[in-house]
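# Predicted model, plus sequence, below.
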Amino acid sequence: MRIEIPREVERFGPIMFHDVQKVYELDAGLRFAKNEGQENSTIVRLSQESINGIEEKMVIVVPVMEERIKLIEGVLCGIPNDCLTIVVSNSPREPIDRFYIEKDAIEHAARFMNKDILVFHQKDPLLAKACQASGYKYILDKQNSVMDGKAEGMILGTMLANLTGRKYIGFIDSDNFFPGAVLEYVKEYCAGFCLAKSRYSMVRISWHSKPKIVQSNLFFAKRGRASEHTNRILNSLISTYTGYGTEIIKTGNAGEHAMSMDLAAKLDFSSGYSIEPYHYINMLERFGGISGNPEKDVLKNRIELFQIESRNPHLHEVKGDIHVQDMSRAAMEVIYRSPICPESLKEEILDDLYNRKLLKSGEKLPETLSYYPAICNADLKKFAKTLENHEYAKFFKASTIKKVKNETPGLIREKIEGNVEHLPDQDKVLEMK
Ligand code: GDD
């Protein structure tokens, strides 16, 4: 791959937000053909071997809920063979067992692909038992079953991925029409990790375009309908603390994203579709230095966030206006509810929601979200033990199963809550820069 270096970098305490990077060539050849890792001062060349070196250490988690089998198969065929694929489904089991059909179809396709794919249902009682055993009961409902939601499925996927001993985890939605786009996203995750110097890193895909039909013609829209609002508000939040306007964040809602396992284990989650914007919020809450002291290891190593612009158009199943509105409201809510969100920004968020008629004028923002602590709060040894005689276990790497060190256990937002009257504390953030 040939990729430009980021033009701008916004530093926030130990977090480095890199500007969107453009890809000039998807495949830039083998290592020995030309110099690896350098081209000129602004373009980096990454060979197929370097990209593949990361693929071998990566798990791709594919969340599924009631998608067409043909779509899922297309997505799986786009994931490079060396990645370990985990499919987490929340499809209904009654009156027709959709999950059974999915699992059967995926495992059949996997034989032709000669690919390792773990397929499981989010509500497998065994997983709920493993969560209980590990002390991670937060995603269980009153019936002790894992709750519905994309984030809840992603949390299980992250725990299982962690137990495989692989170093990176990426997420790819299962409703993508283009297998080629899926392949590209994974390669771009790998490119980001090749460029990362820190063990705490995240790569988010910024779609080049999202095609739609307008007056019988194809129109390649630059951003999704929810993203532009989420990005603007996240950028305003950063500006509040740094004192400088910024447009650095362009991937507030990115469903396609990947993380080093070291970072994935330390980030808290929020429910449903608010999870992607919450990554930004939680990184700022937990490591931004606004309140409390970030972990020493993170301070030393820093966190690097890459945003890479893909070349393929992003075409996925259209789920309607109400769905997009719910997703956008959830993104706004997760920023609004953050203890680091200043009053002025809360007003801006409400105005935005009133203007878009996502809230009635004067209406309060209903509380719809739940928050879950990072998986480093779970005892993964006990989680693995519960699953030891089941199909999950063949993917685990026993030697790597350990409790992740966490200097601030529990939900960080609860710890900040009591401290909010001191916010915003710009000087403290700037001091750390
Ligand atoms: N396991 C699981 N559990 N998967 C789920 C669930 C669930 O409860 N709900 C949805 N999914 C799966 C879907 O099957 C799909 O593959 C993926 O999660 C994304 O869900 P969609 O409902 O298709 O979301 P979207 O395409 O509108 O939005 C996507 O893009 C946004 C950015 O524009 C999502 O990835 C959003 O999270 C993202 O913000």
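Thanks, I have the structure now. Numbering: from 1, shown residues only.
# Spatially nearest residue to whatever residue of the stretch 251-400 of the chain ends up closest to the ligand, not counting backbone neighbours?
Taking CB to the nearest ligand atom as the measure, the stretch 251-400 of the chain has residue 255 as its residue closest to the ligand, at 2.1 Å. Backbone N, C-alpha and C define where each C-beta goes, glycine included. Closest residue to residue 255 apart from its sequence neighbours, by CB to CB, 6 or more residues apart in numbering: residue 173 at 5.1 Å.
# okay, now residue 177: neighbour count?
Residue 177: 17 surrounding residues under other CB atoms under 10 Å.
# near the ligand, which residues of the stretch 251-400 of the chain?
253, 255, 273, 276, 316, 317, 319, 323, 327 (CB under 6 Å from any ligand atom).
# switch to 8 Å and redo it
Residues of the stretch 251-400 of the chain lying near the ligand by CB under 8 Å from any ligand atom: 253-256, 272-273, 275-277, 316-317, 319, 323-324, 327, 331.
# looking at the residues you listed, which has the most residues close by?
Within those, neighbour counts (other CB under 10 Å) peak at residue 277, which reaches 30 neighbours.
# For the residue lying closest to residue 409 once chain neighbours are set aside, list the residues it contacts.
Spatial nearest neighbour of residue 409, chain neighbours left out: residue 377 (5.6 Å); criterion: CB to CB, 6+ apart. Residues counted as contacts of residue 377 (CB atoms under 8 Å, 6 or more residues apart in numbering) are 135, 136, 406, 409, 410.
# which one in these is the model shakiest on?
By pLDDT, residue 406 ranks lowest within the contacts of residue 377, coming in at 69.
# circling back to that earlier point, now the contacts of residue 377 in TSV, please, with extra columns for distance to residue 125 and neighbour count.
Compiled in TSV, the contacts of residue 377 are given as follows (distance: CB to CB, whole Å; neighbours: other CB atoms under 10 Å):
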residue	distance to residue 125	neighbour count
135	18	12
136	15	23
406	28	15
409	27	11
410	26	12
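# Going by distance to the ligand, which of these wins?
residue 136 (17.1 Å).
# ok, the nearest residue to that closest one once chain neighbours are set aside - how many residues close by?
Distance criterion CB to CB, 6+ apart; nearest residue to residue 136, sequence neighbours excluded, is residue 378 at 3.7 Å. When neighbours are defined as other CB under 10 Å, residue 378 has 25 of them.
# My read is that residue 378 contacts residue 131, right?
Yes: shown here, residue 378 and residue 131 form a contact pair, counting by CB atoms under 8 Å, at 7.5 Å.
# any low-confidence regions in the stretch 101-250 of the chain?
By pLDDT under 70, the low-scoring segments of the stretch 101-250 of the chain are 223-224.
# any idea which element the nearest residue to residue 257 once chain neighbours are set aside lies in?
For residue 257, ignoring the flanking residues on the chain, the nearest one in space by CB to CB, 6+ apart is residue 204 at 4.4 Å. Using DSSP states H and E, residue 204 sits in strand 200-206.
# Give me every residue in the stretch 101-250 of the chain lying close to the ligand.
122, 148-150, 152-154, 157, 171, 173-175, 224, 226-227.
# My read is that residue 299 contacts residue 14, right?
Yes: with contact defined as CB under 8 Å, residue 299 counts as touching residue 14 (5.0 Å).
# Looking at those two now, which is surrounded by more residues?
Set side by side, residue 299 and residue 14 show more neighbours around residue 14, with 23 against 15, by other CB under 10 Å.
# separation between that one and the ligand?
Relative to the ligand, residue 14 is positioned 26 Å away (CB to the nearest ligand atom, to the nearest Å).
# pLDDT below threshold where in the stretch 251-400 of the chain?
Of all residues in the stretch 251-400 of the chain, those with pLDDT under 70 make up the ranges 292-293.
# what's the spacing between the residue nearest to residue 257 and residue 393?
Computed with CB to CB, to the nearest Å, the distance linking residue 204 and residue 393 is 32 Å.
# hang on, the earlier thing: return the member of the residues of the stretch 101-250 of the chain next to the ligand nearest to residue 36.
Minimum separation from residue 36 among these (CB to CB) is found for residue 171, which lies at 28.0 Å.
# does the closest one have beta-bridge partners, and which?
residue 61, residue 257 (DSSP bridges).
# got the contact list for the spatially most central residue of the chain?
Nearest to the mean C-alpha position of the chain, by CA atoms, centre = their mean, lies residue 257 at 4.5 Å. Applying CB under 8 Å, 6+ apart to residue 257 gives the contacts 170, 171, 202, 203, 204, 205, 251, 276, 279.
# Can you give me the neighbour number for the residue lying closest to the first one once chain neighbours are set aside?
Take residue 170 and drop its neighbours on the chain: the residue closest to it by CB to CB, 6+ apart is residue 258, 3.4 Å away. Using other CB under 10 Å, residue 258 has 30 other residues around it.
# for the closest residue to residue 7 other than its chain neighbours, phi and psi?
Counting by CB to CB, 6+ apart, the nearest residue to residue 7 once its immediate chain neighbours are dropped is residue 19, at 5.1 Å. Main-chain torsions, residue 19, degrees, to the nearest 10: phi -70, psi 170.
# For residue 245, see how far away the residue of the stretch 251-400 of the chain closest to the ligand is.
27 Å.
# Likewise for residue 89?
Remark: distance between residue 89 and residue 245 (CB to CB) = 43 Å.
# So between those two, which is more surrounded?
Using other CB under 10 Å, the more surrounded residue of residue 89 and residue 245 is residue 89, with 26 against 9.
# Quick one: neighbours of the spatially closest residue to that one that is not a sequence neighbour, just the number.
Counting by CB to CB, 6+ apart, residue 89 lies nearest to residue 64, which is 4.2 Å off, once chain neighbours are set aside. Residue 64 has 26 neighbours, counted by other CB under 10 Å.
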